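Chemist: Fold the following for me, if possible:
(one chain, ligands or ions: 1)
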Amino acid sequence: MCGIVGAASSRDVTPILIDGLKRLEYRGYDSAGLAVISSEEELDLRRSVGRVVNLEKISGSVSGSIGVAHTRWATHGRPAEHNAHPHTSSSQVAVVHNGIIENHQDLRAIQKEQGFPFSSETDTEVIVHQIDWHMQQGKDLFKAVQSTISELHGAYGLGVVSKQEPGVLIAARSGSPLLIGLGENENFIASDMSALIPVSKRYMVMEDGDIARVTSDSVEIFDASGNPVERKIIVSTLSDDETELEGFAHFMKKEIHEQTRAITETLEGRLGSDSVLELAFGEQAREIFDATKELKIIACGTSYYAASVARYWFEEFGIKCDIEIASEYRYRKHVVNPGTLFLTISQSGETLDTMAALEMAKTLGYSNTLCICNVPESSLVRASDLTIFTHAGREIGVASTKAFTTQLVTLLMVAICLRRRMVGDGRSIDSMETEIVQELRSLPKQIETVLDLEEQIIAMSKHFGTKEHALFLGRGAHFPIAMEGALKLKEISYIHAEAYAAGELKHGPLALIDEDMPVVAVAPNDELLEKLKSNLEEVRARGGKLFVFADVDSGLVTDEETMVINVAPVHSHIAPVLYVVPLQLLAYHVALIKGTDIDKPRNLAKSVTVE
Ligand code: F6R
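Modeler: Next up is the predicted model:
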């Protein structure tokens, strides 16, 4: 999703801006641009469609000590050079913007009457004309931006420069994350601290309504009422180590293979010899778990499927649990029972719908808010009472893999802590907890055995190269795993894939079955196996081709209609974590055959910061 970088320095900022944009590439984008004020005090603007390297190629002659840059993910207006940011007005002011301006049509109508020419279809262009207009009325850049933001409805993170004030960079934020990075004789702005890893370790998070005046040697922040404010300086823990491919062809493949290590780190320090150490989740964890009678879980996409799996665990343990997609939850009325914990799950911690749902939930009387997240310096973390980090390490592939499995592991640990309160005094450990803890300990090794199936999965993937559709089936907690498998396949191979609870087949989707519709199923050896096998027979009887990941003891075998890959026996609670891994590999190898852009699938973004 859109990314912002800006810099005010005593050296040339162009390489800093380009490097920062490259570091934001993982968020997903379709075009990029920069505007730098040259030593002749001219505004040098470069924009291009596609990768940041295209922008780099046309920016060789650009140099100056202040500038802003942007990666755009189209919302208003198609991906095109004229819609890419920065947008300029009268060749005087340049603006980069994340977010959506809801009253852009009204402002556009007024500005057209004022004589401003429009060169894009974006909502952003009204911002730069409005700032220009205020400057034409005699305001300095800071005051012009301040007046402009008071006229905007919607969400924005803004970086603004003007050749009339060549040493000043203005930043403003409402609803879209923006940080100020601090350096020696230079200061920066960015939508995400990872953009600034090589140039700044210390940063301040702007709060909603804040506007900042940034120069190479000063930073002044003012709140929504115009009062000067201090924001806490945070020392970043991000490093470059996790951004190398280390011999893998794609980050997605690397991240699939990292799951053994990632899950080990998720468990690290959180398991005692026979129990989950809930104090390892933070001082407040005990108090928050004690106050919890039931759960409401909100998330989007893959994180929502993690919630969907976890619901089976929570309810098995006697804890009432509702799950919902954030974008739906936000726009409904709610009845909140006393003692309900509001739990958000997000890999990035920046998903706008999830964040907005949390903000709304805080007004509704939930007992507490808990966030399960992978990014320490993220908005959701800052806004939640308690965060449990998944410790997956940075995930760069847009399609989530290790972030998902570590979410599942974290959720199972939370479920165990709450279970203690359902079955006992909340402190004592029973044999079932000890058993599940042993299952969790065995998980990294079990993941290794599934990764060893890759050659067989490559052979299976060859059956999908010419297909346009696929069905995924599962039952119980493996129904959401089937949904996650279908999502992975459609995201990166662009094959249309749908998942069904296998028992639903006969209620409609069976009509789709023919030899061109591959049916993928996950078949662990659980209490639903026999039911699932009957459902698979329904497919076979109609000439369907089955591709099954099945427990070695399931009795399912490869024949003309069915290709079976055997998975070693696994304990029932951790089975969903294990069974998703071959589905990730299958999607990866099908996408490889299709030749798609696996790490950056078309139209998608890693961090979804718009509605
Ligand atoms: C799919 C995927 C997305 C995200 C969704 C929510 O592979 O990654 O569906 O799960 O956009 O993102 P987070 O987890 O960052 O809130």
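
Chemist: and Pro188, how many residues sit next to it?
Modeler: Slight slip there: residue 188 is Phe, not Pro. Neighbour count for Phe188, taken as other CB atoms under 10 Å: 29. Heads up, the C-betas are built off the backbone N, CA and C, glycines and all.

Chemist: Check it and give its pLDDT.
Modeler: Here the pLDDT value assigned to Phe188 is 98.

Chemist: ok, it - contacts?
Modeler: Neighbour list for Phe188: 5-8, 16, 20, 180-182, 196, 199-200, 214 [criterion: CB atoms under 8 Å, 6 or more residues apart in numbering].

Chemist: residues near the residue of the chain found nearest the ligand, how many?
Modeler: The nearest approach of the chain to the ligand comes at Gly301, 1.9 Å away (CB to the nearest ligand atom). Neighbour count of Gly301, defined by other CB under 10 Å: 22.

Chemist: From what I see, it and Leu487 are in contact.
Modeler: Yes. Under the criterion of CB atoms under 8 Å, Gly301 makes contact with Leu487 at 7.1 Å.

Chemist: distance of Gly339 from Pro480?
Modeler: 26 Å (CB to CB, to the nearest Å).

Chemist: quick one: which of the contacts of Phe188 sit in helices?
Modeler: 16, 20 (DSSP state H).

Chemist: quick one on the thing from earlier: list the contacts for the residue of the chain closest to the ligand?
Modeler: 400, 487, 608 are the contacts of Gly301 under CB under 8 Å, 6+ apart.

Chemist: so which of these is the most crowded?
Modeler: Ser400 (28 neighbours).

Chemist: Just the element for it, please.
Modeler: Here Ser400 is covered by no helix or strand, with elements defined by DSSP states H and E.

Chemist: For it, which non-adjacent residue is spatially closest?
Modeler: Closest residue to Ser400 apart from its sequence neighbours, by CB to CB, 6 or more residues apart in numbering: Thr302 at 4.3 Å.

Chemist: Doesn't that neighbour belong to a helix?
Modeler: Yes. Per DSSP: H, G, I helix; E, B strand; the rest coil, Thr302 lies within a helix segment.

Chemist: Which residues are in contact with it?
Modeler: Counting by CB under 8 Å, 6+ apart, Thr302 has contacts 347, 399-400, 403-404, 484, 487.

Chemist: again, but for Arg231
Modeler: 180, 204-207, 210, 221.

Chemist: Most neighbours among those residues, which one is it?
Modeler: Counting by other CB under 10 Å, top hit in the contacts of Arg231: Ile180 with 26 neighbours.

Chemist: Could you check the pLDDT of Thr260?
Modeler: 94.

Chemist: Can you tell me which residues in the stretch 351-500 of the chain are near the ligand?
Modeler: Contact residues, the stretch 351-500 of the chain versus the ligand (CB under 6 Å from any ligand atom): 351, 354, 399-400, 487, 491.

Chemist: Between these, which sits nearest Leu245?
Modeler: Ala399 (15.8 Å; CB to CB).

Chemist: in what helix or strand does Phe549 lie?
Modeler: Going by DSSP H and E, Phe549 is in strand 545-551.

Chemist: Give the residue spans of the chain that score low on pLDDT.
Modeler: For the chain, residues meeting the criterion pLDDT under 70 lie at 1, 26-28, 241-243.

Chemist: Now do the strands in the stretch 1-150 of the chain.
Modeler: Taking DSSP state E, counting those that start in this stretch to define them, one finds strands in the stretch 1-150 of the chain at 3-9, 31-37, 43-49, 66-72, 87-89, 93-98.

Chemist: which residues does the residue nearest to Ser65 when sequence neighbours are not counted contact?
Modeler: Leaving aside its sequence neighbours, Ser65 sits nearest to Ser9 (CB to CB, 6+ apart; 5.3 Å). By CB under 8 Å, 6+ apart, the contact set of Ser9 is 16, 65-66, 183, 185-187, 216.

Chemist: what does Leu352 give?
Modeler: Counting by CB under 8 Å, 6+ apart, the residues that Leu352 touches are 155, 175, 608-611.

Chemist: Mind doing that once more with 10 Å?
Modeler: By CB atoms under 10 Å, 6 or more residues apart in numbering, Leu352 lies in contact with 1, 99-100, 155, 175-177, 300, 326-327, 330, 379, 607-611.

Chemist: Also Val128?
Modeler: 85-90, 92-97, 111, 116, 120, 122, 148, 158, 160, 162.

Chemist: Could you identify the buried members of the residues you listed?
Modeler: The neighbour count (16 or more other CB atoms under 10 Å) marks 85-90, 92-97, 111, 116, 120, 122, 148, 158, 160, 162 as buried among the contacts of Val128.

Chemist: since we're on Gly555, how many residues are nearby?
Modeler: Look at Gly555: counted by other CB under 10 Å, it has 13 neighbours.

Chemist: The strands of the stretch 1-150 of the chain into JSON lines, with extra columns for distance to the ligand?
Modeler: Formatted as JSON lines, the strands of the stretch 1-150 of the chain follow (distance: least, CB to the nearest ligand atom, whole Å):
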{"stretch": "strand 3-9", "distance to the ligand": "15"}
{"stretch": "strand 31-37", "distance to the ligand": "21"}
{"stretch": "strand 43-49", "distance to the ligand": "23"}
{"stretch": "strand 66-72", "distance to the ligand": "17"}
{"stretch": "strand 87-89", "distance to the ligand": "27"}
{"stretch": "strand 93-98", "distance to the ligand": "16"}
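
Chemist: To Leu528, which of those strands lies closest?
Modeler: Nearest to Leu528, of the strands of the stretch 1-150 of the chain and by CB to CB, is strand 3-9 at 44.0 Å.

Chemist: Direction included, what does the closest one pair against?
Modeler: Its sheet considered, strand 3-9 pairs with strand 66-72 (antiparallel), strand 186-190 (antiparallel) by DSSP bridges.

Chemist: how about the residues of the stretch 151-300 of the chain near the ligand?
Modeler: Cys300.

Chemist: Any residues of the stretch 501-611 of the chain in contact with the ligand? List them.
Modeler: Residues of the stretch 501-611 of the chain lying near the ligand (CB under 6 Å from any ligand atom): Val608.

Chemist: the strands in the stretch 501-611 of the chain, which residues?
Modeler: Under DSSP E, counting those that start in this stretch, the stretch 501-611 of the chain gives strands at 518-523, 545-551, 562-567.

Chemist: Mean neighbour count, the ones you listed: which tops it?
Modeler: Comparing the strands of the stretch 501-611 of the chain by mean neighbour count (mean count of other CB atoms under 10 Å), strand 518-523 ranks first with a mean of 26.
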